[in-house]
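Student: Okay, sequence plus prediction incoming.
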Amino acid sequence: MTTNAAILFAAVLLTGPSPQSADSDSTGEATPRPTLVIEEAHVTLIGEASVPARESGVLIEVNVREGDQVKAGDALGRIDEQLAGLDVEYAEIDAEMAKYKSESDVDIRFNQTAARVAKAELDRAVASAKEYEKSVSKTELDRKQLVYDQSKLAIEQAERDQKVSQLGARLKQQQRRSATMKVARCELRSPIDGVVVEILHNKGEWLDPGEPLVRILTLNPLRVEFFVAASRYGQAELIGHQVELETQLPGDKKGLFAGEIVFVSPEIQPVNGQIRVYAEVQNPEYLLRPGARGKLTIQLDNE
């Protein structure tokens with residue numbers, strides 16, 4: 001079984017019984033390929049989503065109707081985001097102010113200049129006291145030393161204040177991102193590809209966080225569930241093998257859907273000794289519906 005053959009799935013309408021697949025033996029005569037037939041296989045969903053509101057507010061848009069096909073990311077509806085939009089504008093102004101303040105080094109440069117002046121005055125006073133005894137009192141020297149020390153500490157404080165301002169600017173940036181995300185959360189988007197099967201609220205209604213707006217089903221592919229004897233089959237015997245599901249369609253027609261086995265449960269049912277197996281079949285035209293039952297034929301050879 002090649003990879004390309006395993007992934008090329010299609011749904012077709014049958015007008016009569018399908019021919020059995022066959023291989024030729026050494027004599028040239030056709031021999032049946034080994035198959036396993038499950039008379040009652042059950043079709044179920046692979047994906048389902050009830051798309052909830054993430055913010056509270058009035059529903060001002062509903063963009064889909066029952067039966068619409070949607071892709072992941074498509075807009076389904078929108079909650080009034082005017083207040084959230086104002087929060088974004090406020091956060092942007094606040095972040096800009098914080099950024100401007102964090103980039104300013106005026107206080108640092110001022111205190112650096114003050115420290116140079118204080119150092120120069122201290123040096124002159126010390127030099128004068130050495131050259132002319134008692135020209136500068138000890139108290140005056142201590143005062144100038146204090147002024148110089150205060151200037152150095154002021155530089156450290158200004159540098160510290162700038163770092164705090166930079167952290168504050170980062171915080172404001174995060175607050176702006178949070179406000180922007182809140183606006184985006186007012187938009188309800190589909191998390192999966194599928195078909196809208198139910199709309200639970202109408203335009204103008206109030207939605208609370210977590211309250212679903214629409215219900216979406218993934219109809220392609222679909223899962224086919226069945227059981228086999230654990231004593232005869234396991235993952236090595238089933239995973240990756242091709243399957244064909246034959247089932248009744250509307251209009252007294254039969255449909256054939258191709259796919260492959262993707263999961264074999266490691267758990268054995270204690271009552272009957274069987275294991276649960278899943279196959280995925282393609283359903284591009286949405287002819288097959290969840291809940292249907294049919295006959296599943298599994299090709300067990302690896303050729």
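Tutor: All right, it came through fine. Numbers count the residues shown, from 1 in each chain.

Student: Report the separation between the residue minimising distance to the centre of the chain and residue 262.
Tutor: For the chain, the residue sitting closest to the mean C-alpha position, by CA atoms, centre = their mean, is residue 191 at 8.4 Å. Counting by CB to CB, to the nearest Å, the separation of residue 191 from residue 262 is 21 Å. (Each C-beta comes from the backbone N, C-alpha and C, glycine too.)

Student: ditto for residue 215
Tutor: According to CB to CB, residue 215 and residue 262 sit 25 Å apart.

Student: Let me see the ranges of the strands in the stretch 151-300 of the chain.
Tutor: For the stretch 151-300 of the chain, the strands defined by DSSP state E, counting those that start in this stretch occupy 187-189, 194-199, 206-207, 212-218, 222-229, 242-249, 253-264, 274-281, 293-299.

Student: okay if I get those as JSON lines plus mean neighbour count, distance to residue 87 and mean pLDDT?
Tutor: Rendered in JSON lines, the data for those read as follows (neighbours: other CB atoms under 10 Å; distance: least, CB to CB, whole Å; pLDDT from 0 to 100):
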{"stretch": "strand 187-189", "mean neighbour count": "20", "distance to residue 87": "16", "mean pLDDT": "93"}
{"stretch": "strand 194-199", "mean neighbour count": "17", "distance to residue 87": "29", "mean pLDDT": "94"}
{"stretch": "strand 206-207", "mean neighbour count": "18", "distance to residue 87": "19", "mean pLDDT": "92"}
{"stretch": "strand 212-218", "mean neighbour count": "21", "distance to residue 87": "23", "mean pLDDT": "95"}
{"stretch": "strand 222-229", "mean neighbour count": "19", "distance to residue 87": "44", "mean pLDDT": "95"}
{"stretch": "strand 242-249", "mean neighbour count": "20", "distance to residue 87": "52", "mean pLDDT": "94"}
{"stretch": "strand 253-264", "mean neighbour count": "19", "distance to residue 87": "46", "mean pLDDT": "94"}
{"stretch": "strand 274-281", "mean neighbour count": "21", "distance to residue 87": "45", "mean pLDDT": "95"}
{"stretch": "strand 293-299", "mean neighbour count": "20", "distance to residue 87": "53", "mean pLDDT": "94"}
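
Student: Let me have the ones you listed in a markdown table, extended by distance to residue 149.
Tutor: Conversion of the strands of the stretch 151-300 of the chain to a markdown table gives the following (distance: least, CB to CB, whole Å):
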| stretch | distance to residue 149 |
| --- | --- |
| strand 187-189 | 59 |
| strand 194-199 | 72 |
| strand 206-207 | 63 |
| strand 212-218 | 67 |
| strand 222-229 | 78 |
| strand 242-249 | 86 |
| strand 253-264 | 75 |
| strand 274-281 | 77 |
| strand 293-299 | 88 |
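
Student: I'd say residue 76 and residue 52 touch.
Tutor: No: checked against CB atoms under 8 Å, the pair residue 76 and residue 52 is beyond contact range at 10.8 Å.

Student: Neighbour count: those two, which is higher?
Tutor: Between residue 76 and residue 52, counting by other CB atoms under 10 Å, residue 76 is the more crowded of the two (21 against 15).

Student: Can you read off the pLDDT for that one?
Tutor: Turning to residue 76, the model gives it a pLDDT of 95.

Student: Pretty sure it sits in a strand.
Tutor: Yes: following the definition DSSP: H, G, I helix; E, B strand; the rest coil, residue 76 is counted among the residues of a strand.

Student: If we ignore the residues flanking it in sequence, what's nearest it?
Tutor: For residue 76, ignoring the flanking residues on the chain, the nearest one in space by CB to CB, 6 or more residues apart in numbering is residue 188 at 4.6 Å.
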